[in-house]
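Trainee: need a structure here:
(chains A and B)
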Amino acid sequence: MDILLGQLFTGLSIGSVLLLVALGLAIIYGTMGVINLAHGEFVMLGAYATWFLQSTLGLTLLPCLLVVFLMVAAAGWAVERTIVRFLYRRPLDTILATWGIGIMLQQAVRLAAGADLRYVQTPDQLAGSIDLAGVAIPSYRLFILAFSAALLGLTWFVVQRTEFGMKLRAVTQNREMASCYGIDSARIFTLTFAFGSGLAGLAGALIAPIKSVAPDMGTNFVVDAFMVVVVGGVGSLFGTVASAGLIGGGTAGFAFLLNDTLAKALVFLGVVVLVRFRPQGLFAATGRR
Amino acid sequence: MTLTRRHLLKSAAILGAAGTAGVPHIWTKQSGFAWAASNEIKVGVLFSLTGTTAVVEKSLHNATLMAIDEVNKSGGINGMRVVPVIEDPASDPATFAEKANKLVLNDRCATVFGSYTSASRKAVLPVFEKRKNLYWYPTLYEGRECSKSVMYTGAVPNQQQKDFIPWLVKTFGKKFYLVGSNYIYPKEENNVCKILLKELGGEVVGEEYVPLGHSEFGSVLNKFRETKPDVIFSTVVGDSVIALHKQYKAAGFNPDTMPMASLTTSEIEIAAMGGEYAAGHFTSAPYFMGHESAENAAFIENYQRRFGKDSVTHFVSEAAYFQVHLFRQAVEKLGIGDITPTNIRDAASGLEIQAPQGRVKVDADTLHCYLWPKIGQAQSNGQFKVIQQSADWVKPEPYWAYPGQSCTKDGLKGT
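Mentor: From the prediction side, this is the model:
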């Protein structure tokens, strides 16, 4: 029983990390349709920014978060202004361009910070574990779970309840028509890209204490993030949540019954089958595209 | 005659064949060629400076260059300067093979120091065997290799485990959980571990392999909780080591009662995870930075002066360092006209040298080294405390787990 409960939490916890990583992409890919292969590198930038703030200024993780969000959002803003905005009508070129940006970011970080693995400290108050019905649950994992839920809420609020979000939805539905109504669609896209990048940066900052910080850490995340977004259905926040939970739970379940290697393969198999029969994902966004 | 495509292809093929077979002697004859000039000898340095394994390989690269520099500063080898030719194989086995070819054929290096992963060593092996050149490989690895073109200066399974497993059983108990990354090295090490455990009456309560680069250990940790092993025997490598240690601690486990015993966790991984996560766990290796000897003190001082006072030495970089000095001693025995990769190998067979870990010797049969296995316990300051050293150097037995087979002077015997 304890084991089952523990494993249930493991599934939730894997799901919350997936959600965290995928949220930024859900915004960028889901609403703008930009296939951003540099997404993993923005996660990596967030992790490095945290490491940098921690090792130079001695900040603990929590005060870092806002700064990291702004720093990576600024990087996203710069990338959108200088490169991505010229490629909105050429989706294939965007793939190549963002992939190139990703490689350049990786090497730039390698040159600037060195190839060594870096180390980000877990905040002291979150380092232990909490006993819940006889199961020791790592507090930091619980924190990630709560934080990703909060970020999800924030994102939902921004998209659904603010003026910016309304404009974003308008631009997403029909860019020309939205422009006719006086919405500065270029600006909306820039801000959206920056917001998505900032979320990726936050994900990097939060993941850094449980994993290692290295220049190539983003490569795995970009695959996970796309998997979550595609399975969930492009443009559907709710779908992203459901799919993160499903993939996290599936991974934990298979890993418990078999092992992690097979779990990964089986989950991928499941995704392939799902995409074959339901290419629009679990929850396709309604509305005109 | 009309030119058809088939005709064209045919003549091209004939031309090509003539190109390789027609004029062999000019290009491949080596008797007139000298591997060393009166004032210099070229060696290749083949460690990845970019790509996934760059983190560790950079430290091997540094240690190698430092040793070469030491040799040159003390007058070179019989007056010859050692000139390193540096290539970056970018953590990609195919690139390793390509660069090895370049170092051997174009640059005419008499020896190449290189590789961290087994995959990259296997990729360059045909190059060195075909060209009768010599490769120096510093990493601990899974054994089961008996090439006459490679000098192996890292440990093989029998050297790391023969003292370690009995000690673990005696100190903590007989129930082992084996967890490793999913590739050849952990599987071979676990084979050896299982044989040793069987002799000691131990029990394997679980065996699990995670994908390379894996970073979610929740399920594995739950299985530890369920099976309650006395020892977790870990051959997880790379970034995963860090995730495993961090998540182990966060899950509330205690290294005093259920320690992780590793063959792969070194100072470099501990520096990346933070000492408090590694503290209390054990590693078996021939070298730790915390080992006390005059040679090690000099090695560390020199290393930190060059690469920063935060830089760490570890059991692979130590081998990368002393193998250059072995090379030096081997070449010193040769007259300048006798310097060939094969002669360097023969001169190195049986050589002894005072390395930072202790006195090591090249086994003439296997070309592996006699080493000094130690058991280290990680401390919160990021260093290992050496709590036991083997009473004598330990002979390398790359085919220890395969009783029918043995590596001899003439190659692999038995099937």
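Trainee: got the contact list for residue B:230?
Mentor: For residue B:230, the contact set (Cβ atoms under 8 Å, 6 or more residues apart in numbering or on different chains) comprises B:172-176, B:258. In short, each C-beta sits where N, CA and C put it, glycine included.
Trainee: and what of residue B:98?
Mentor: residue B:89.
Trainee: Could you tell me which of the contacts of residue B:230 belong to strands?
Mentor: If you go by DSSP state E, the contacts of residue B:230 have B:175-176 in strands.
Trainee: Let me know the closest of the contacts of residue B:230 to residue A:111.
Mentor: Nearest to residue A:111 among the contacts of residue B:230 is residue B:258, at 41.3 Å by Cβ to Cβ.
Trainee: just checking, what's the longest helix in chain A?
Mentor: In chain A, taking DSSP state H as the definition, the longest helix is helix A:2-32.
Trainee: can you tell if whatever helix or strand comes next after it touches chain B?
Mentor: Counting by DSSP states H and E, the element after helix A:2-32 in chain order, helix or strand, is helix A:39-52. No. Applying Cβ under 8 Å from any Cβ of the partner chain, one finds helix A:39-52 separated from chain B by no less than 10.6 Å.
Trainee: Check which helices and strands the longest helix of chain A is in contact with.
Mentor: On a contact count with 3 or more Cβ pairs under 8 Å, 6 or more residues apart in numbering or on different chains; DSSP states H and E, helix A:2-32 meets helix A:39-52, strand A:135-138, helix A:139-161, helix A:163-173, helix A:185-207, helix A:218-232, helix A:237-257, helix B:218-227.
Trainee: again, only this time at 7 Å
Mentor: Counting contacts by 3 or more Cβ pairs under 7 Å, 6 or more residues apart in numbering or on different chains; DSSP states H and E, helix A:2-32 is packed against helix A:39-52, strand A:135-138, helix A:139-161, helix A:185-207, helix A:218-232, helix A:237-257, helix B:218-227.
Trainee: Is it possible to get JSON lines of the contacts of residue B:230 that adds neighbour count?
Mentor: Below are the contacts of residue B:230 laid out as JSON lines (neighbours: other Cβ atoms under 10 Å in any protein chain shown):
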{"residue": "B:172", "neighbour count": "19"}
{"residue": "B:173", "neighbour count": "15"}
{"residue": "B:174", "neighbour count": "17"}
{"residue": "B:175", "neighbour count": "18"}
{"residue": "B:176", "neighbour count": "27"}
{"residue": "B:258", "neighbour count": "19"}
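Trainee: for residue B:350, phi and psi?
Mentor: phi 80, psi -10 (degrees, to the nearest 10).
Trainee: same deal with residue B:370?
Mentor: Here is the backbone geometry of residue B:370 (degrees, to the nearest 10): phi -70, psi 120.
Trainee: for it, which residues make a bridge with it?
Mentor: Beta-bridge pairing for residue B:370 (DSSP bridges): residue B:361.
Trainee: ok now do residue A:281, which residues does it touch?
Mentor: A:230-234, A:239 (Cβ atoms under 7 Å, 6 or more residues apart in numbering or on different chains).
Trainee: For the closest residue to chain A within the stretch 51-200 of chain B, which non-adjacent residue is spatially closest?
Mentor: Closest residue of the stretch 51-200 of chain B to chain A, Cβ to the nearest Cβ: residue B:54 (4.4 Å). Residue nearest to residue B:54 in three dimensions, not counting chain neighbours: residue A:115, with 4.4 Å by Cβ to Cβ, 6 or more residues apart in numbering or on different chains.
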